[in-house]
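# Sharing a model prediction with you, sequence too.
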Amino acid sequence: MQKNVGNIDRALRLLAGIVLLAILIWGLHPWRWVGLLGFAYLATGLFRWCPAYALFGMNTCEANKPE
């Protein structure tokens, strides 16, 4: 797997993942299950690879962009 998630994108994904997991843990409303998406955001941020980006040919990683 080639990296396709850049630094800013990675930081935003990690932050969103943490916030969504917090909603899952401490949320008392019916929408708290949306917090499960936090696992996906954390995984794509940690591994720096996003399957949706790969599917659509997107790349925000500066080091791996073709010239």
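All right, it came through fine. Treat the numbers as computed from the prediction; the structure is a model and nothing was measured.
# now L55: how far from N4?
For L55, the distance to N4 equals 10 Å [CB to CB, to the nearest Å]. For glycine as for every other residue, the C-beta is placed from the backbone atoms N, C-alpha and C.
# Not counting residues beside it along the chain, what's closest to the residue most central in space within the chain?
The residue lying closest to the centre of the chain (CA atoms, centre = their mean) is Y41, at 2.9 Å. Distance criterion CB to CB, 6 or more residues apart in numbering; nearest residue to Y41, sequence neighbours excluded, is G17 at 3.5 Å.
# which element follows the helix or strand containing that neighbour toward the C-terminus?
Using DSSP states H and E, G17 falls within helix 7-26. Counting by DSSP H and E, the next helix or strand C-terminal to helix 7-26 is helix 37-47.
# tilt between that next one and helix 7-26?
Angle, helix 37-47 to helix 7-26, by axes from the mean of the first three to the mean of the last three CA atoms, to 10 degrees: 150 degrees.
# Alpha carbons of the very next helix or strand once past helix 37-47, as CSV, please.
Following helix 37-47 in sequence order, the next helix or strand is helix 51-56 (DSSP H and E). Provided in CSV are the C-alpha atoms of helix 51-56 (Å, rounded to 0.1, in the frame of the first residue of the first chain):
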residue,chain,number,x,y,z
PRO,A,51,-9.2,3.1,0.5
ALA,A,52,-11.6,5.8,-0.9
TYR,A,53,-8.6,7.9,-2.1
ALA,A,54,-7.2,4.8,-3.7
LEU,A,55,-10.5,4.0,-5.4
PHE,A,56,-10.8,7.5,-6.9
